[in-house]
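A.B. asks: Here is my input, please return the structure:
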Amino acid sequence: MEEHSAYTEAVAAAMVRIRRRQTRGALAGESQVPAAVFRALDAVSSIDAATVGALAPALGVDQPRASRLVAQAVSEGWLERVADQHDGRKAVLRPTELGRRILAAAHRRRATATAAAMAGWTERERAEFARLLGRFVDAMDAADATPPESRAPRATP
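C.D. replies: Numbering: from 1, shown residues only. Predicted structure coming up:
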């Protein structure tokens, strides 16, 4: 594994700035949806047959926290629980019409903010950034999927 370099530190610092920006709702605009509940709503929209059990790891929270976020979103009318078509005992989550409108508006604001941030970039720079960022996120996802014990350096005999 590569030692921490100025590049890795710069990327980590930039990621913290992005996360803080999102946490304080900079991209949420006029939405009245709390940031944590919005993240749950957004995650539900990207998970096929989303359940609370599937939502918790997607958000990086425990199941009781995911349940509370879902309960709040359901009570506000942003999410609904419907019976699973394959297993009627299981509830699947999906955005309501209001939830879909909130998501669409937030995604438009996010796209506008992203386009504005790259407005002075060339087409080639935008393409390269998109490619590298996608590759970076794929590698982060792959690292998350790898069990911790298999990531540890092995001692040589």
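
A.B. asks: Now do Gly88, the pLDDT please.
C.D. replies: At Gly88, the model reports a pLDDT of 73.

A.B. asks: Is it correct that it falls within a helix?
C.D. replies: No: assessed with DSSP: H, G, I helix; E, B strand; the rest coil, Gly88 is coil; it does not lie in a helix.

A.B. asks: Next, work out how far apart it and Val82 are.
C.D. replies: According to Cβ to Cβ, to the nearest Å, Gly88 stands 10 Å off from Val82. Every residue, glycine included, has its C-beta placed from N, CA and C.

A.B. asks: dump the residue contacts of Val61.
C.D. replies: By Cβ atoms under 8 Å, 6 or more residues apart in numbering, Val61 lies in contact with Leu69.

A.B. asks: what helix or strand is it on?
C.D. replies: Val61 belongs to no helix or strand when assigned by DSSP states H and E.

A.B. asks: ok, now the one 5 residues further on?
C.D. replies: Following DSSP H and E, the helix or strand that holds Ala66 is helix 63-75.

A.B. asks: mind listing what the next helix or strand after that helix pairs with, with the direction of each?
C.D. replies: Sequence order places strand 79-83 as the next helix or strand after helix 63-75, per DSSP H and E. Neighbouring strands of strand 79-83 in its sheet, by DSSP bridges, are strand 91-95 (antiparallel).

A.B. asks: Could you list every helix and strand in contact with whichever helix or strand comes after the partner strand?
C.D. replies: Sequence order places helix 97-117 as the next helix or strand after strand 91-95, per DSSP H and E. Applying 3 or more Cβ pairs under 8 Å, 6 or more residues apart in numbering; DSSP states H and E, we find helix 97-117 packed against helix 35-46.

A.B. asks: Give me the packing partners of whatever helix or strand comes next after the helix it packs on, helices and strands only.
C.D. replies: Note on helix 35-46: by DSSP H and E, the next helix or strand toward the C-terminus is helix 52-59. Other elements packing on helix 52-59 under the criterion 3+ Cβ pairs under 8 Å, 6+ apart are helix 35-46, helix 63-75, strand 91-95.
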